[in-house]
Structure formats: C-alpha cells, structure tokens
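[1] With the sequence up front, the predicted model follows.
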Amino acid sequence: MTERRFTYSLVFLLLLISLESTHGFTFGYENSESETQENESESDLLDTVFDLRLEHRDHTYADINSYRTLYLSLKLTVKMHEERSVTGYVDTTFVKLKPSWMMSKFGKVGPDLNLDIGPHVTVTDIENIDTGKKVEFEKACNDSITISVLQCVLQIKDPIDYVGEFRLRIHYSVSDKTSALHFIPPHQTEDNQYFLVSTTQPSDARGWIPCQDTPALKFPYQSEISVKKPFTVLMSGSIISTTVEETDDGTWETVQFRQDLPVPPFLIAITVADMVAVDVREHNESAMTEEAAVPSIKVWGERSVMERLRADPGRIFSMIPEMMDICEKWYGRYDWGTYDVVLTPPGYAFKGMEFPQMNFIAATNIDFDNTAGPNFIYANVIAHEMIHSWFGNLVTPKYAGDIWLAEGVTTFEELELMEEYYGDPKIGEYLRRWRYISLKGVLESYTGFSAKYKILTPYLTNEHPFHGFTYVHYNKGGLFLEYIANRTGRAELDRGLRKYLDLYKYQSVDTADFVHVLYEEFGFETDKEIERDIFVWLERPHTQVPMKLFQSEIYEECVQIYRALTRSRKQRENKWVLADIAESFKHGTGPLASSAPNLRSQMMIVLERMENVVKKVNMTETRTRNWKRLINRLDKVFSFTSKADSDPDIFAMWAQIAIKFNHTETMSKMPDFFEKQGRLDLVFTVLDAPTDNRLRGTFANILNTKYDLTRYPGFIGELLRGYVEWFIRYYES
C-alpha cells in the first residue's frame, strides 16, 4: 500500500509539472531565473522547499518534528461584563523527539521550543512541572508581518536536555481584544448580556492558548473553567463535574470538562453566557430509548430565545436525533459522547461552527415567524455542522489549503442527508441546482476572484489561512463528489467514504490521502481519463461538472414565481395574483404549497434571481421607475422590511434589491440592522448592495460607528476593516 501511495503522489507531481509547462500553472511561488536555478545547490533547494512547507503551509512556528504536544490541561477563570478577560494557566505534556536524518541535515533543529501565541496573550511565568524549576522564555512580535496569526511567537529556552516527555505550566492572561474570543456585546444579543464564543478556526487557538497551533497536530485535553453566575460555561468536551462556591464577590461555578478524543487546537472551544437548555429527548419519543447511541442531546440558548422555541419545540428540536441516526447508519458510531447545539445571538460572526460535542448554530437561521412546516434553512445548517462530527473533526484537514476535505465533502453529504431526512429527492435536486448555478457564476464571471482561489487545493504561501475558506471550497468540493458519484455510483462512493473515515480516524490528512482512497477503492489508476479529470478538479480554476445541468422542479418553480412577480400587472393576474403568491409564502397555502419543501427557501431564490437581474440589466429611466413601483408593492404585500430582526436572511436578500432603488422603508432600517447583526455573510451582503459609492460610504460610516471592527477574526476582520475604512474616506472626501 505504501509503494502504491508513493506511485500516486509521483503521478500527481508529474501531472502538476506537465500543467505548469503547458498552462503556466505554478506551485505558489515565483520561479527564479534559469541561471540562478543552475547555480543553486541541492542543499539550498531542499532548504527552500522545507521552509515553504513547514512555515507557510502550516501557518505555525511550532516544529512538531522536534517537539510534539501529547496532552493539554487548562485551568482558567473567565470574567464577563466590564472586566472581560481570561486568566489562569495551561499545563501541557510535550515529548521531545529524536531528530531524523532528514531533520538533522536539512531542518532547523534546535534546543528551543517554539509555541504559537496571539498578540493579546500575556505570559507571566513558565515552570517545569516535573522539576519545579522556572523556565526561561521570550515572546517576540513583529507587527510588520502581514499574516496576522504569525505576528508573535513564544520561545521557551531549552526546556529539557533529553529525548522524552516533560510537562510545562504556562501562566497567562487574555484580553478581550483577542480575535480568538468574541465577547459579543449586549446590544447584539437577545437578552442584553455579554455572550462569549470561540472564533478559532482555522488557526487561531493561539489567540487564547499558547500552543502548537496547527491542524496537523491532534491531542486530547481537559479543562477547569470558573465563571460567575448567572453565566454558564460549555466547552467542546464532556462535563465531568460541577461545583458551586459562594464568595464575597458572588456565586462562582467551576466546571470540569474532558475531551478524550484527539482534536486539533482550533477545536478546543468555549462559550460563556446566561443560557438555558432544552433536553431534546423530552420532545422526541424515538430518541428516549435506553439504546440510543448518543447519551445526551441538548439545545442551549439565551433565555428569551428558548422561551420562543418552547411554543413549537418539535419543529426545531426533533430533527436533531433523527438526523443523528441517519449519520450513524452512514458513517459509523458517533464517538464523541454528548451532542449539544448552542444557538448563538445575532452578533455571532458565522452561520454555524462544528466544535466537537458543541455545534454553534446562529439563532438568526431560525425563522421564528414560520408556521408553514419544517424549518428548512435551519435544518440545512444543523445537517452540515452535524456531519462535521465525522468529516472535519474525526478526520481533519492537515493544512488550510485542504479545507475542502472538511467543507466540500460535508456539503455533498449535507444534501444527501436532507434528501434522506425529508424523504424527497426533489430537495437534493433543488439544492444542487441552486448551488451549481451560484458556483458557476463565481467560477466563470466573477473576475475579481483570483484564479488561485477557484481551485480546490490553493497553496496558501504567505497568506492568512482563512483564505482557504471560500464559497468555492464548499460548493466546488461538493460538486467534485457528485462527479465521483456519477462515475462510481452512489453506493460505491458511500463505501469509499466509509473506508476513508475508518482508515484515517483521529488523524489529520491532506488531499493526497483522500485521493489515495479513491484510487485504492475504485481502481482509478487504470483509467487515464478520470485520473486527469481528478487532477483538473483539484488543481485548475474551472470545474469539470457533467454537461447535463442539475434539473429541479422546485427551482424552476422559483423562476416562474420570479417571472410572475416581475410581469406587468395585467400579465401577472393571468397567472397568479400577487396576493396569492404572498399567501403561499406566509401560510403554506395557495398554488405553491404542495411541492415546496419550505417556502421561505424558495423566496430566497426568487430574491436572489431578482438581485442578479437588477445588477446586470441596464436601468433606463423607465425601467427604474417600474422597478421602484414593484419594490413598493412587494414590500406592502410581503412586509420584507419588518423582517430585519425576525428573519435577517430574508431581509438582507431583500435589502440588496431595495437599496439600489433607495427604498425609504428599507433604508430607515439600516442603522439598527448594522448595530444588531454581526453575521459576516449578512453584513457583506448589505454593505455591498449600494451601486453608488457615497451611499456605500454612508453605510460604512454607520458600521464603523456601531461595530467593534477589531472583534472579527484574522483575514475576515482585516478585509472588513479595510473595506469600511476605504468607503469612509471616499464618503468624507
């Protein structure tokens, strides 16, 4: 198996060299002049490749070939409100490795231990637990380094003089300025209290724990966290014990957690908030059997949010254990123990996050006003994050450039799970069609998107690891699996994916490992056409989607709704009257109710199509006048502007269109919307809607005034702050 694996890697390397010579495709660094290459020694070349791989691809200062983390134990106190800080220490068990011949000859082997650390983490003391002696250390930072996660390093001077295990205790504190922890301010929560969440993906655990911060390294951990009531703490591990202590400063609760399975540092997660839980088993009889594989399934959220959900718990909670049963049937036993869902407040930056045993799901995904059946968009996000328990958490991408192994594979499986859960293949067809059209637009027409980020495996040399998280790696990765399924059959691909999980369980892998399984399972090494296609899928900016378009009755129905809405009044009345369409979306009755899996998701596609037309069509004076009339009529019937709080997804998509025509009611909602919402996809959607730069400047000024822009993690924060600052300067000039 090892010999064949080497053969596959060699074939890929030869294909890469072939494409580089014929298509100008590069490895991610500039070629030197030929004279320089001829004079460059073999040693220098190997040093260059070694540095490129370890320092730039890993995005870490840690040399895991010299020192390796075996176990980590946290003891921390988290303070909320005005103090907002984390203080305590971390005990880490390391092993010093004997350097290999390759490391000795070409590596950077030294006695010092380098750890990754964030600029807002202050280390006060380090000691060797085994000897009780203080250890010399130095924290160095360089603000001129453009990759924010690489700005600081913690160098521990010669911690031991032997090969073997040792333990260090690092005393430190973390300020609320760190990008790894987001203290969501009260005005961006439902209950007007601070809500702490981790924002560590893909390589920012260093922002709250000094560690070897690379997804290539996985290890178990435990923790002891103290918080002041009424706040509750949860982590990505099992609760071992809880103690309560009354002090002069109030009531403090200390909770011990333990994660026995190895996880990469970015999956060591925490949340602290005044929240309550609902036991899902109480609302689902099938999940209450003693034989249930998952011992506990709970949904946590702010008190007011959970109170609103109690009125209809089955619609929100029942899908979780049912989806879990399907996942276990497909992927094998859920090894993590308990499964919690934390409904994050409006200020949380993402739609969801797959921390082990504790999935973050933005409460803004839930349509609280929907009484017309299953909550389709919420179910979609639940399915995605749940599947990450296997693809991403159990088997983890080793590098940021391989993130499609988590996000792309999960996106493919998510659609399969939605089909299975709802028992309707139309749902999968509908979602595939939507995503195919959206991805096709990005790959073929969006010139502002670098070709480098249109490939599945970008080599992120000298770039922030967050660059690996793009729309492409989700949807193109999912379509790649569709391509493989079309060649092998769905059942065969299922078998291959199960083999992949079993083979690499608890490990970190790269794309070569995944391709290795494809070759082993399906004999692709004898099929030169598919071998070439796989390489193009992974390493070229376009996509090899089968020529037949993904057909969907539901999607085509959305197109008909759009056409009905945008026809003249006389034409529209011949098909559907506006009131009938509104009735369908509001109550699940009327001409569309029989075939739609969820009418709200259809309306999102209708609005997306309207926005695309408005963006592309040359708006004459007459067209502008007609569109303004239509916008006014639609808002009166559908009450889109009233959904800024209750359904921000629909409101953001509506605002993209209405803002272009300076719709008064929508514009009046913008200051409050920016002040309340923190989800980046919503913020960028609305911020980018105005076609006039002065209007964008107005929005940016509101955003800069209302937001703490420093709270966004890494690359996303840098991008948003730069965007806002540019428009403010334009507006002020």
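    Structure received. Residues are numbered from 1 along each chain as shown.
[2] what secondary structure does Asp161 sit in?
    Secondary structure, DSSP: H, G, I helix; E, B strand; the rest coil: Asp161 is coil.
[3] Distance of it relative to Pro346?
    Using CB to CB, to the nearest Å, Asp161 is found at 53 Å from Pro346. In short, each C-beta sits where N, CA and C put it, glycine included.
[4] Please apply the same query to Ala491.
    42 Å.
[5] ok, the two, which is more surrounded?
    Applying other CB atoms under 10 Å to Ala491 and Pro346 shows that Pro346 carries more neighbours, namely 22 against 9.
[6] ok, that one - contacts?
    Contacts for Pro346 were tallied using CB atoms under 8 Å, 6 or more residues apart in numbering; they are 188-190, 362-364, 648, 676-679.
[7] ditto for Val174
    85-87, 118, 120-122, 180-181, 207-208.
[8] same deal with Ile156?
    So, once contact is read as CB under 8 Å, 6+ apart, Ile156 ends up touching 112-115, 126, 135-137, 168.
[9] Considering those, which possesses the most neighbours?
    Leu115 leads the contacts of Ile156 on contacts (other CB under 10 Å) with 28 neighbours.
[10] Quickly list what the residue nearest to it when sequence neighbours are not counted is bridged to.
    Spatial nearest neighbour of Leu115, chain neighbours left out: Leu154 (4.3 Å); criterion: CB to CB, 6 or more residues apart in numbering. Beta-bridge partners recorded for Leu154 (DSSP bridges): Leu115, Lys139.
[11] any weak-confidence spans in the stretch 1-150 of the chain?
    Applying pLDDT under 70 to the stretch 1-150 of the chain flags the ranges 1-57, 100-110, 146-148.
[12] And the helices in it?
    Applying DSSP state H, counting those that start in this stretch to the stretch 1-150 of the chain gives helices spanning 2-23, 34-39, 42-51, 101-106.
[13] Would you map the strands across the stretch 101-250 of the chain?
    113-116, 121-128, 137-141, 152-156, 164-175, 181-184, 195-198, 219-228, 232-235, 238-247, 250-263 (DSSP state E, counting those that start in this stretch).
[14] what's the closest of the ones you listed to His663?
    Closest of the strands of the stretch 101-250 of the chain to His663 is strand 181-184, at 29.6 Å (criterion: CB to CB).
[15] Return the list of strands paired to the closest one, each annotated with direction.
    Here, using DSSP bridges, strand 181-184 pairs with strand 195-198 (antiparallel).
[16] one step back: buried among the contacts of Val174? Need that as a selection in PyMOL.
    Here is the PyMOL selection string for the buried members of the contacts of Val174, based on 16 or more other CB atoms under 10 Å:
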select buried, resi 86+87+118+120+121+180+181+207+208
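[17] quick one on the thing from earlier: export the contacts of Pro346 to CSV and tack on pLDDT?
    Shown next, in CSV, are the contacts of Pro346 (pLDDT from 0 to 100):
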residue, pLDDT
Gln188, 90
Thr189, 93
Glu190, 93
Ala362, 92
Ala363, 89
Thr364, 85
Pro648, 88
Lys676, 85
Gln677, 85
Gly678, 83
Arg679, 87
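[18] In terms of distance to Lys476, which of those residues ranks first?
    Closest to Lys476, out of all of these and judged by CB to CB, is Arg679, at 22.9 Å.
[19] wait, isn't that closest one in contact with Gly352?
    No - here Arg679 lies out of contact with Gly352, judged by CB atoms under 8 Å, at a distance of 10.4 Å.
[20] shared neighbours of the two, which are they?
    Common neighbours of Arg679 and Gly352 (CB under 8 Å, 6+ apart) are Ala362.
[21] ok so, going back, so which of the contacts of Pro346 are in strands?
    Ala362 (DSSP state E).
[22] Just send the contacts of Pro346 back as CSV, with distance to Asp510 and neighbour count too.
    Below are those laid out as CSV (distance: CB to CB, whole Å; neighbours: other CB atoms under 10 Å):
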residue, distance to Asp510, neighbour count
Gln188, 37, 22
Thr189, 39, 24
Glu190, 41, 22
Ala362, 30, 26
Ala363, 35, 21
Thr364, 34, 27
Pro648, 37, 23
Lys676, 40, 19
Gln677, 36, 23
Gly678, 33, 26
Arg679, 31, 21
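[23] The contacts of Pro346 into JSON lines, with extra columns for distance to Gly523?
    Shown next, in JSON lines, are those (distance: CB to CB, whole Å):
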{"residue": "Gln188", "distance to Gly523": "53"}
{"residue": "Thr189", "distance to Gly523": "54"}
{"residue": "Glu190", "distance to Gly523": "54"}
{"residue": "Ala362", "distance to Gly523": "43"}
{"residue": "Ala363", "distance to Gly523": "47"}
{"residue": "Thr364", "distance to Gly523": "46"}
{"residue": "Pro648", "distance to Gly523": "49"}
{"residue": "Lys676", "distance to Gly523": "55"}
{"residue": "Gln677", "distance to Gly523": "50"}
{"residue": "Gly678", "distance to Gly523": "49"}
{"residue": "Arg679", "distance to Gly523": "45"}
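[24] so of the contacts of Pro346, which ones are in helices?
    Assigned to helices by DSSP state H, the following of the contacts of Pro346 qualify: 648, 676.
[25] and which of the contacts of Pro346 is nearest to Lys75?
    The closest of the contacts of Pro346, once distances to Lys75 are taken by CB to CB, is Thr189, at 27.6 Å.
[26] Report the helix or strand with the lowest average pLDDT across the chain.
    Between all helices and strands in the chain, the lowest mean by mean pLDDT, DSSP states H and E belongs to helix 42-51, at a mean of 32.
[27] okay but Trp654 is in contact with Ser642, surely?
    No - using CB under 8 Å, Trp654 makes no contact with Ser642, being 10.5 Å away.
[28] Compare these two and say which one has the larger neighbour count.
    Trp654 (28 against 14).
[29] where does the stretch 551-700 of the chain have low pLDDT?
    For the stretch 551-700 of the chain, the ranges with pLDDT under 70 are 551-558, 560-602, 616-617, 688, 690-696, 699-700.
[30] switch the cut-off to 50
    The model of the stretch 551-700 of the chain has pLDDT under 50 over residues 572-576, 588-597.
[31] all helices for it, in order.
    553-566, 569-575, 578-587, 599-616, 621-638, 648-658, 664-676, 680-687, 693-706.
[32] Dump the fourth one to CSV, keeping only the CA atoms.
    So that's helix 599-616. In CSV, the C-alpha atoms belonging to helix 599-616 read as follows (Å, rounded to 0.1, in the frame of the first residue of the first chain):
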residue,chain,number,x,y,z
LEU,A,599,-41.5,28.2,1.0
ARG,A,600,-39.1,30.6,2.8
SER,A,601,-36.1,29.0,1.0
GLN,A,602,-37.9,29.4,-2.3
MET,A,603,-38.4,33.1,-1.6
MET,A,604,-34.7,33.4,-1.0
ILE,A,605,-34.0,32.1,-4.5
VAL,A,606,-36.6,34.4,-6.0
LEU,A,607,-35.0,37.4,-4.3
GLU,A,608,-31.5,36.2,-5.4
ARG,A,609,-32.7,36.0,-9.0
MET,A,610,-34.2,39.4,-8.8
GLU,A,611,-31.0,40.9,-7.5
ASN,A,612,-29.0,39.3,-10.3
VAL,A,613,-31.3,40.8,-12.9
VAL,A,614,-31.2,44.2,-11.3
LYS,A,615,-27.4,44.0,-11.2
LYS,A,616,-27.0,43.1,-14.9
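[33] which ones are touching Asn632?
    His663.
[34] how near is it to Asn662?
    Asn632 is 12 Å from Asn662, by CB to CB.
[35] now swap in Pro465 and tell me
    With CB to CB as the criterion, Pro465 and Asn662 are 40 Å apart.
[36] Perfect, that will be all.
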